[in-house]
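> All I have is the shape, not the residue letters:
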């Protein structure tokens, strides 16, 4: 018989294994937790564990298993109108695609993630991270101007910038000021 305490204990064990960098052990525990939550009829917790499983597989270097694990979890959250967890699941899907070399799919999926995070209070730092991922992918796919805009948006979303980021932010203002002055003429 499955009970919630068993599922939660598995989650705690999985998180400890993950923190200890035992990613495959964590993955195994997350898989068991998914089954427990499914047996309990708790599809949201099962989807969250699938997202965690994906991250563990990515850390273990198994991008295909990461993608397989997280596929569909975004839809579970969308159906429950849980936009924040939907966005995070999309971010994990994008990261798996990026690791597999599916750069255009990753870029599109990260953009969906960033769009969902935009109105959510308290997710500015997460959105800034996603925008940096988008910027990096845009550079890698030959979209340099879009990459500058994405990085500028990322830095605008961060609450605290380190010295390197402050310098970059100031440098990014130059072309945007130039573009705006050209449009005003």
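Ah, there it is. Keep in mind that what you see is a predicted model, and the values were worked out from it rather than measured.
> now the residue nearest the centre of the chain, nearest residue through space, not along the chain?
Nearest to the geometric centre of the chain sits residue 91, at 2.6 Å (Cα atoms, centre = their mean). Nearest in space to residue 91, with sequence neighbours left out and distances taken as Cβ to Cβ, 6 or more residues apart in numbering, is residue 113 at 4.4 Å. All C-beta atoms are positioned from the backbone trio N, CA, C, and that covers glycine.
> Now do the same contact list for that neighbour.
Going by Cβ atoms under 8 Å, 6 or more residues apart in numbering, residue 113 touches 87, 88, 90, 91, 94, 130.
> Tell me how far it lies from residue 92.
Using Cβ to Cβ, to the nearest Å, we find residue 113 at a distance of 9 Å from residue 92.
> Residue 34 too?
If you measure residue 34 against residue 92 using Cβ to Cβ, the figure is 14 Å.
> Between those two, which has more neighbouring residues?
More neighbours surround residue 92 than the other of residue 34 and residue 92, with 26 against 22 (other Cβ atoms under 10 Å).
> Contact partners for that one?
Contacts for residue 92 (Cβ under 8 Å, 6+ apart) come out as 51, 54, 55, 58, 66, 70, 73.
> Provide the backbone phi and psi angles at residue 156.
When quoted as degrees, to the nearest 10, the phi and psi of residue 156 stand at phi -70, psi -30.
> What count of nearby residues applies to it?
The number of residues packed near residue 156 is 13, by other Cβ under 10 Å.
> And the contacts of residue 92, which two are furthest apart?
58 and 73 (14.1 Å; Cβ to Cβ).
> and stretch 35-43, how far from the chain's centre?
Put simply, stretch 35-43 sits 24 Å off its chain's centre (Cα atoms, centre = their mean, to the nearest Å).
> Stretch 86-99 now?
5 Å.
> same thing with stretch 70-89?
12 Å.
> List the buried residues of that stretch.
70, 73, 74, 76, 77, 78, 82, 85, 86, 87, 88, 89 (16 or more other Cβ atoms under 10 Å).
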